[in-house]
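[1] I'll drop the sequence and a predicted model, then ask my questions.
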Amino acid sequence: MIVFRSKKTFTVLVVVIVLVSMVVMPAFASNNNASHFGNHQEGVPLKIGVLTDHSGPLAIYGFEQTQGFELGIEYATDGTMEVAGRPIEIVVRDNGGDIDQALADARELIEVEGVEILVGTVSSTVTLNLQATAVEYEIILMAGPAATPAITGENFNEYTFRVCRNTFQDAAAGASFALNEYGSNYVIYASDDAFGAGTAAAFDFVLQSRGATPVRDTIFVPTDTTDYTASITEMIESGADFAVVIWAGASGVTLFNQMAELGVQDSLGVLTGFNSNDIQDLLGLNQVGDIGFIVYHYTAPDNEINDWLVETHKERYDGDPPDLFTECGFATAQAIVAAVEATEGDTFPDAMIPALEGLEFEGPKGTYYIRPEDHQALVPMYVMKLVDTEPEEPFAYYELLAEISAEDAAPPCLAPGRSSENLECPPAE
C-alpha cells in the first residue's frame with residue numbers, strides 16, 4: 001500500500017509502478033494524496049495536525065486555540081475522543097509565527113505523522129502561505145484565528161475552510177456603534193502586516209458603505225515598534241472624529257499604554273477590538289469606558305454549549321475561563337467531527353468538502369453556518385463596554401451592549417468565481 005503524501009515522491013513511485021505494470025495506475029491516479037488510501041476504515045486512528053504559535057509574538061492566541069480545539073473534540077465526541085469508529089489523535093506543532101517553520105511542520109505532519117486534516121494557525125501571514133500546502137497535498141486545512149479576509153477571499157482554494165470570523169465581521173460589529181458614538185470622520189491605525197492590511201481594508205469598506213469618510217490614508221506601523229510616539233501623534237493630529245486601532249498580540253499593551261500617556265482619548269474617540277483577558281488585565285484603567293467589538297468573551301453567549309465550555313475550561317485550567325480564541329478552536333473541532341461523522345470516517349477532500357460546505361451546527365456563540373461559496377463561517381459578534389477592572393468573576397470586565405447576528409455581521413464574498421444564486425462573488429480572473 002502506498003503511504004506517502006508527497007506529490008514528488010508519489011510521482012517517482014508511479015513511474016516505477018508503470019514499468020512493472022500499466023494496470024495498477026488507475027488504482028492510484030485518481031488521488032495524489034495517497035496516505036488517505038483506506039484510512040477511513042473503522043478503528044484506524046484519525047490524526048489531526050494543529051499548527052500554531054506557542055513561543056512567538058502571538059503565543060497567547062496559540063494556547064487559546066489549542067486548548068479550545070482539544071475541548072471541542074471532547075465535547076463533539078461526548079468524551080470518547082472518537083468519530084465514525086476512529087480514535088482521534090491531535091498532533092500539535094509550534095511554529096513560533098515563522099512561515100518557513102510552519103511550512104516545514106505541515107510537511108512533516110503530513111509525510112511523517114500521517115495527519116489527514118490540518119488546523120491553523122493564529123497568524124494571517126503564516127496561514128496564507130499554508131494554503132498552498134493544502135493545495136499541494138490535497139488536504140483539508142481548517143484556518144484558525146488568523147483573520148485576514150484574503151484566506152477565504154482572493155487566496156481562496158477549495159481545501160481551505162474557516163469556522164472562525166474574519167475582520168469584515170469585526171468591522172460590521174463595530175461600525176454602527178462608532179458612527180453613532182463619535183461621528184463620521186475616521187482614521188485607521190494598523191499593524192503593518194497581513195492582519196493589519198486586511199482588517200484596515202475591511203473597516204474602510206464597511207465604514208464607507210455606511211457614509212463615513214477617511215480623513216487620510218491608513219497609518220501603518222511596523223509590528224516590532226517599541227516607541228509609538230510619532231505614529232500616535234499622526235493619529236491625534238489627523239482631525240478625525242475617531243480612530244480605528246487595529247493591533248494583535250502582547251505588544252498592544254505597550255501601544256495602548258503610550259496612547260493613554262499621550263492623551264489620545266482627549267482628542268478623538270477610539271474604536272478597537274478588545275483583546276485576550278491577560279492582555280486586557282495588563283492594560284488596566286487605560287481602556288475603562290471604551291466601547292469595542294470582541295470576537296468572544298465567555299460572559300457574552302447564553303447557551304448550554306458555552307456553559308459547558310466555561311465550566312470545563314475552569315476545571316482544566318486552574319479556574320481560568322475560556323479566552324478570546326478558545327471558542328474559535330472549539331467550534332473548529334466541532335465542525336471537523338460533524339463532517340467526519342457525515343462522511344463515515346472518510347477524510348478525502350471529495351468527501352469532506354461537500355460535508356463542510358453548508359454545514360450548520362450549534363456552538364459556543366450560537367448557530368454557525370459555513371457558506372458553500374467561500375467556506376467562511378457566519379457567526380454572531382459582540383459589542384461590549386469595558387466597565388470594571390476589578391470584577392468579582394475572573395476577567396468579567398465588560399457590559400454587553402449588543403449581540404450582532406450572524407446575518408448582520410456577514411462579510412461580502414471575495415472568493416473569485418464562486419458566485420451562486422444566493423451570493424455574489426467577484427468574477428474569476
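    Everything's here; your move.

[2] For the stretch 151-300 of the chain, which segments count as helices?
    Remark: helices assigned in the stretch 151-300 of the chain by DSSP state H, counting those that start in this stretch are 167-181, 194-209, 229-236, 252-261, 264-267, 277-283.

[3] for Glu82, phi and psi?
    Per-residue torsions, Glu82: phi -150, psi 140 (degrees, to the nearest 10).

[4] Pipe the helices of the stretch 151-300 of the chain into JSON lines and attach mean pLDDT, distance to Val83 and mean neighbour count per row.
    Glycine gets a C-beta too; all of them are placed from N, C-alpha and C. Shown next, in JSON lines, are the helices of the stretch 151-300 of the chain (pLDDT from 0 to 100; distance: least, C-beta to C-beta, whole Å; neighbours: other C-beta atoms under 10 Å):
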{"stretch": "helix 167-181", "mean pLDDT": "89", "distance to Val83": "28", "mean neighbour count": "22"}
{"stretch": "helix 194-209", "mean pLDDT": "93", "distance to Val83": "32", "mean neighbour count": "22"}
{"stretch": "helix 229-236", "mean pLDDT": "98", "distance to Val83": "48", "mean neighbour count": "16"}
{"stretch": "helix 252-261", "mean pLDDT": "92", "distance to Val83": "37", "mean neighbour count": "19"}
{"stretch": "helix 264-267", "mean pLDDT": "91", "distance to Val83": "49", "mean neighbour count": "14"}
{"stretch": "helix 277-283", "mean pLDDT": "85", "distance to Val83": "31", "mean neighbour count": "19"}
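
[5] Looking at those helices, which is nearest to Thr223?
    Distance to Thr223, taken as C-beta to C-beta, is lowest for helix 194-209 among the helices of the stretch 151-300 of the chain, at 8.0 Å.

[6] What is the closest one packed up against?
    When contacts are defined as 3 or more C-beta pairs under 8 Å, 6 or more residues apart in numbering; DSSP states H and E, helix 194-209 packs onto helix 124-137, helix 167-181, strand 185-191, strand 213-214, strand 219-221, strand 242-246.

[7] out of the ones you listed, nearest to Ala202?
    Among the helices and strands packed on helix 194-209, the nearest to Ala202 by C-beta to C-beta is helix 167-181 (4.3 Å).

[8] hey, C-alpha coordinates of the closest one in CSV?
    Extracted C-alpha coordinates of helix 167-181, given in CSV (Å, rounded to 0.1, in the frame of the first residue of the first chain):
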residue,chain,number,x,y,z
THR,A,167,-12.1,41.0,10.0
PHE,A,168,-15.1,42.0,7.9
GLN,A,169,-17.2,40.6,10.8
ASP,A,170,-15.2,42.6,13.2
ALA,A,171,-15.9,45.8,11.2
ALA,A,172,-19.6,45.1,10.9
ALA,A,173,-19.8,44.7,14.7
GLY,A,174,-18.0,47.9,15.5
ALA,A,175,-19.0,50.3,12.7
SER,A,176,-22.6,51.2,13.6
PHE,A,177,-21.6,51.9,17.2
ALA,A,178,-18.6,54.1,16.3
LEU,A,179,-20.7,56.2,13.8
ASN,A,180,-23.4,56.8,16.4
GLU,A,181,-21.0,57.4,19.3
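
[9] That one packs against which elements?
    Under the contact criterion of 3+ C-beta pairs under 8 Å, 6+ apart, helix 167-181 touches helix 194-209, strand 242-246, strand 269-273, strand 291-294, strand 381-386, strand 398-404.

[10] picking that back up, can the helices and strands packed on helix 194-209 go into CSV with extra columns for distance to Ala351?
    Listed next are the helices and strands packed on helix 194-209 as CSV, based on distance: least, C-beta to C-beta, whole Å:
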stretch, distance to Ala351
helix 124-137, 16
helix 167-181, 29
strand 185-191, 39
strand 213-214, 46
strand 219-221, 42
strand 242-246, 38
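
[11] Of the ones you listed, which is nearest Thr80?
    Closest approach to Thr80 among those (C-beta to C-beta): helix 124-137, 27.9 Å.

[12] which parts of that closest one are buried?
    Neighbour counts using 16 or more other C-beta atoms under 10 Å place Ser124, Thr125, Val126, Thr127, Leu128, Asn129, Leu130, Gln131, Thr133, Ala134, Glu136, Tyr137 of helix 124-137 among the buried residues.

[13] Please list the outside residues in contact with that helix.
    5-7, 33, 51, 53, 95, 97-99, 102-103, 106-107, 110, 118, 120-121, 139-141, 143-144, 146-148, 150-151, 155, 157, 159-160, 193-195, 198 (C-beta atoms under 8 Å, 6 or more residues apart in numbering).

[14] Repeat that for stretch 87-95.
    Contacts for stretch 87-95 (C-beta under 8 Å, 6+ apart): 43, 45-56, 62, 66, 69-70, 73, 77, 81-82, 101-102, 105, 108-109, 113, 115, 121, 126.

[15] how near is the nearest residue to Arg162 once chain neighbours are set aside to Leu128?
    In this structure, Arg162 finds its nearest non-sequential neighbour in Ala143, 4.1 Å apart by C-beta to C-beta, 6 or more residues apart in numbering. Distance, Ala143 to Leu128, using C-beta to C-beta, to the nearest Å: 10 Å.
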